[in-house]
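Sequence and computational prediction follow.
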Amino acid sequence: MNLLLINGPNLNLLGKREPSIYGLETLETIEEALTKKAISHGVTLQSFQSNSEGQIVDRIQQSIANVDAILINAGAYTHTSVAIRDALLGAQIPYVELHLSNTYAREGFRQKSLLADSAIGIICGFGGMSYELALEGALAFLNKNKNKN
Ligand code: DQA
């Protein structure tokens, strides 16, 4: 099975960016740990980060037919991007929405997600661990569906 991790805008600054909210772990550290976790489960994980909405849409489109599930922290685009929502639904790839912070305990504009209603599930508020929990959730979903067929 192939998983794709997508990180949106400003997540390349993890470790330096508002550490009281997002922690001190860098994106590189998170990606490395998640890749190891994926390998330990016998699956592959590709990682992609972009600050650009169009590049994220392109990456989702390129995943059609070769990615089984997407783990996505779309950053601020979570709250605004019809284009990323449309790409995810158009690609018909199951996805987990994730966030480091608990977006529902923050400003009102972060409490709305354009991705949540069509996600397998949502993980938020566990810092770097949100990524690991999202991976576990995606694998549980894929394994359950595999056994059904
Ligand atoms: C975030 C939450 C978003 O509201 C914010 O714009 C981010 C990070 C998180 O991981 O907590 O960039 O997605």
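Alright, I've got the coordinates. Numbers count the residues shown, from 1 in each chain.

got the contact list for residue 115?
Going by Cβ atoms under 8 Å, 6 or more residues apart in numbering, residue 115 touches 72, 74, 78, 84, 85, 88, 95, 97. (Each C-beta comes from the backbone N, C-alpha and C, glycine too.)

Could you pull up phi and psi at the residue lying closest to it once chain neighbours are set aside?
With Cβ to Cβ, 6 or more residues apart in numbering as the measure, residue 97 is the residue that lies nearest to residue 115, at 4.8 Å, once sequence neighbours are left out. Dihedral pair for residue 97: phi -90, psi 130, per degrees, to the nearest 10.

Quick check: residue 97 touching residue 118?
No: counting by Cβ atoms under 8 Å, residue 97 does not reach residue 118; the two are 9.1 Å apart.

and the two? which has more neighbours close in?
A count of neighbours by other Cβ atoms under 10 Å puts residue 97 above the other of residue 97 and residue 118, at 26 against 12.

ok, now which ones touch the more buried one?
Residue 97 makes contact with 72, 73, 74, 78, 113, 115, 116, 119, 121, 122, 123, 124, according to Cβ under 8 Å, 6+ apart.

Can you name the residues bridging to it?
Residue 97 has these beta-bridge partners by DSSP bridges: residue 72, residue 122.

And it, how close does it get to the ligand?
Separation of residue 97 from the ligand (Cβ to the nearest ligand atom, to the nearest Å): 9 Å.

This structure: strands as residue ranges?
Counting by DSSP state E, the chain has these strands, from start to end: 2-7, 44-49, 69-73, 95-99, 121-124.

From residue 5, how far out is residue 67?
Distance, residue 67 to residue 5, by Cβ to Cβ, to the nearest Å: 10 Å.

which one of these two has more residues nearby?
residue 5 (25 against 20).

in the sheet, who's paired with that one?
When assigned by DSSP bridges, residue 5 has beta-bridge partners residue 47, residue 71.

Up against the ligand, what does the chain have?
Along the chain, the residues adjacent to the ligand under the rule Cβ under 6 Å from any ligand atom are 10, 73, 75, 76, 78, 99, 100, 101, 103, 110.
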